[in-house]
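>>> Next one to model:
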Amino acid sequence: MPWSTPFADPIGLRGGRSLRTLQEAADFIMRLPEDEQQEPRWQTAIEMLINAAETGGGWLLFARIGMLRALNADRRRD
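Numbers count the residues shown, from 1 in each chain. Now for the predicted structure:
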């Protein structure tokens, strides 16, 4: 499955932006500070994104869920 594969529903971010594809989600994580990227929640999201790109199928949904969980962990801290 190509990294340009879109999620069934975009992942909304603060400020009105959204992540529409596996690549956009991966790029978002790569722009985080290195220490934040190493947090388990982001490592899980990365793993799900890679599995989705390599395998496809249900992994696309798991990748979306992984991203939402990681993002929502940030919101719970605010």
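
>>> What does L13 show for phi and psi?
Torsion angles at L13 (phi, psi; degrees, to the nearest 10) stand at phi -120, psi 160.

>>> quick one: the helices in the chain?
22-30, 34-37, 40-55, 59-77 (DSSP state H).

>>> Among these, which comes closest to I11?
I11 lies closest, by C-beta to C-beta, to one member of the helices of the chain: helix 59-77, at 5.3 Å. Placement of C-beta: from N, CA and C, glycine included.

>>> elements contacting the closest one?
strand 6-12, helix 22-30, helix 40-55 (3 or more C-beta pairs under 8 Å, 6 or more residues apart in numbering; DSSP states H and E).

>>> now those in a markdown table, with distance to R69?
Putting those into a markdown table (distance: least, C-beta to C-beta, whole Å) gives the following:
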| stretch | distance to R69 |
| --- | --- |
| strand 6-12 | 11 |
| helix 22-30 | 12 |
| helix 40-55 | 6 |
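
>>> And the spatially most central residue of the chain, how far from D27?
When C-alpha atoms, centre = their mean is applied to the chain, the residue found nearest the centroid is M67 (3.5 Å). Distance check for M67 against D27: by C-beta to C-beta, to the nearest Å, it reads 12 Å.

>>> cool, and W3?
Counting by C-beta to C-beta, the gap from W3 to D27 is 9 Å.

>>> More neighbours: these two, which one.
W3 (15 against 12; other C-beta atoms under 10 Å).

>>> how about the nearest residue to the more buried one, chain neighbours excluded?
Q23 (4.1 Å; C-beta to C-beta, 6 or more residues apart in numbering).
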